[in-house]
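> Okay, predicted coordinates and the sequence, questions at the end:
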Amino acid sequence: NLGGGAGEEAGPRVEDPNALDGMDETFRFIPGDIVWWQFTKREWWPAVVCSLASVRDSSLRSKLEDQGQPDEDSVLVYTYGDRHYSWVDLPHDDLKGYGMHPTFVEQRVLDFEGFERSLEDAARSWKKLSEEVRREQ
């Protein structure tokens, strides 16, 4: 986990899905997708799939590059609320579409305040998506 910290401007830059011509079509999630990420075996948190290019802080982007993508089937996610970036291995058993799992909002988590903050951040991003994109997620 690498944090963007309080100085990070509201997460990664918005991704342009049309700029992903080389993306393998077998991938379910692409940069810009809002997801639920299970980073512990009990808790699911809202996150957004992103690319290294979308990381605003150049020193953080360098750290993520140095850390390296674990393998070609990994994706970078930015967790809402705590504002951390992490590589997630695929297959994506630990990633689920945000709109498909509304019951995750009701789960018990250890950091309730952080979780509430993450839900607010995700809701703001979710509302910016078109109805068509929301149905796909």
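Perfect, thanks for sending it.
> Quick check: buried residues in stretch 61-81?
Buried residues in stretch 61-81, counted by 16 or more other Cβ atoms under 10 Å: 61, 64, 75-81. Heads up, the C-betas are built off the backbone N, CA and C, glycines and all.
> Out of those, name the ones that lie in helices.
Among these, the members falling in helices (DSSP state H) are 61, 64.
> Quick one: the buried residues of stretch 61-81 as TSV, columns for pLDDT and distance to E43 too.
TSV is the format used below for the buried residues of stretch 61-81 (pLDDT from 0 to 100; distance: Cβ to Cβ, whole Å):
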residue	pLDDT	distance to E43
R61	91	27
L64	90	23
V75	87	19
L76	91	20
V77	92	14
Y78	92	17
T79	91	11
Y80	91	13
G81	82	11
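> Out of the buried residues of stretch 61-81, which comes closest to W44?
T79 (10.9 Å; Cβ to Cβ).
> separation between that closest one and S86?
Separation of T79 from S86 (Cβ to Cβ, to the nearest Å): 7 Å.
> any idea whether F115 is helix, strand or coil?
In the three-state summary, F115 is assigned as helix, counting by DSSP: H, G, I helix; E, B strand; the rest coil.
> list the contacts for the closest residue to it other than its chain neighbours?
With Cβ to Cβ, 6 or more residues apart in numbering as the criterion, F115 has its nearest non-adjacent residue at 4.5 Å, and that residue is V109. Contacts were defined as Cβ atoms under 8 Å, 6 or more residues apart in numbering; by that measure V109 touches 43, 45, 115.
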